[in-house]
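A.B. asks: what follows is a predicted structure for the sequence shown.
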Amino acid sequence: DTGVSQDPRHKITKRGQNVTFRCDPISEHNRLYWYRQTLGQGPEFLTYFQNEAQLEKSRLLSDRFSAERPKGSFSTLEIQRTEQGDSAMYLCASSLASSTDTQYFGPGTRLTVL
Amino acid sequence: QKEVEQDPGPLSVPEGAIVSLNCTYSNSAFQYFMWYRQYSRKGPELLMYTYSSGNKEDGRFTAQVDKSSKYISLFIRDSQPSDSATYLCATMMKTSYDKVIFGPGTSLSVIP
């Protein structure tokens, strides 16, 4: 499978715990995006990487959120001290930078904070 | 006002019907327009991608963009039960990072 993959697909955690999600983009794609989607809404942009550099962060991304892409390949999104309001689907997308290439989405990680 | 608005539905049609899905946007700087299909508990899947005003056809799907009225449409001909999904319209400005802005989605059910 050469698409975007995400792990885990589902995560249930208790409020206050830390969680980490992983995204593996399409191999030749150098742009990687994280979005968050809540029930009945479209995905909302969180952050963007060009290779290993994090170039943009949304105001939605509070200090409890951190994302990395250490070698310009896979990326991780960590949420510290989770809150019930963090419950959502976290989507990763990747694209090429060389054109107005479209973003291809992974299946998402569904987070439930109890 | 949200940047991209859609009627959330749900929309229910019989198999074989023509489906019309609509979307409006507020910022005239948006240059690219997309339709994504999202099945339950899955990530969005790109259906159509257009740049300018006019029509773009791909099989049973036709995307229509009217930049003068900031209006985007998706038509599905001969709808099938497998078309049952949420349809997200999306726009993008050509910036340094190409942030995609999504509408809330329209839920479609095609009844056999």
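C.D. replies: On my side now, so go ahead. Numbering: from 1, shown residues only, chains lettered A, B, ... in the order given.

A.B. asks: out of everything not next to it in sequence, what's closest to the residue in chain B that chain A sits nearest to?
C.D. replies: Closest to chain A within chain B is B:Phe102: 2.9 Å, counting by CB to the nearest CB. Where you see a C-beta, it was placed from the backbone N, CA and C, and this is true even at glycine. Nearest non-adjacent residue to B:Phe102, counting by CB to CB, 6 or more residues apart in numbering or on different chains: A:Gly42, 2.9 Å away.

A.B. asks: check A:Lys11 too.
C.D. replies: In space, and not counting its chain neighbours, A:Lys11 is closest to A:Leu111: 5.1 Å by CB to CB, 6+ apart.

A.B. asks: count of neighbours near the one you found?
C.D. replies: Applying other CB atoms under 10 Å in any protein chain shown, we find 21 residues neighbouring A:Leu111.

A.B. asks: got the residues of chain B near chain A?
C.D. replies: Counting by CB under 8 Å from any CB of the partner chain, the residues of chain B close to chain A are B:4, B:8, B:32, B:34, B:36, B:41-46, B:49, B:51, B:88, B:90, B:94, B:96-105.

A.B. asks: what about 7 Å?
C.D. replies: Applying CB under 7 Å from any CB of the partner chain, we find that chain B lies next to chain A at B:8, B:32, B:34, B:42-44, B:46, B:49, B:88, B:94, B:96-97, B:99-100, B:102-105.

A.B. asks: give me the residue from chain A nearest chain B.
C.D. replies: Taking CB to the nearest CB, chain A has A:Gly42 as its residue nearest chain B, at 2.9 Å.

A.B. asks: for stretch A:6-22, the distance to its chain's centre please.
C.D. replies: 12 Å (CA atoms, centre = their mean, to the nearest Å).

A.B. asks: please name the bridge partners of the spatially most central residue of chain A.
C.D. replies: The residue lying closest to the centre of chain A (CA atoms, centre = their mean) is A:Trp34, at 3.3 Å. In this entry, A:Trp34 is beta-bridged to A:Thr47, A:Cys92, by DSSP bridges.

A.B. asks: OK, contacts around it?
C.D. replies: Neighbouring residues of A:Trp34 by CB atoms under 7 Å, 6 or more residues apart in numbering or on different chains: A:46-47, A:67, A:77, A:90, A:92.

A.B. asks: can you give me the pLDDT of it?
C.D. replies: pLDDT, A:Trp34: 96.

A.B. asks: how far away is it from B:Ser26?
C.D. replies: The gap separating A:Trp34 from B:Ser26 is 24 Å, by CB to CB, to the nearest Å.
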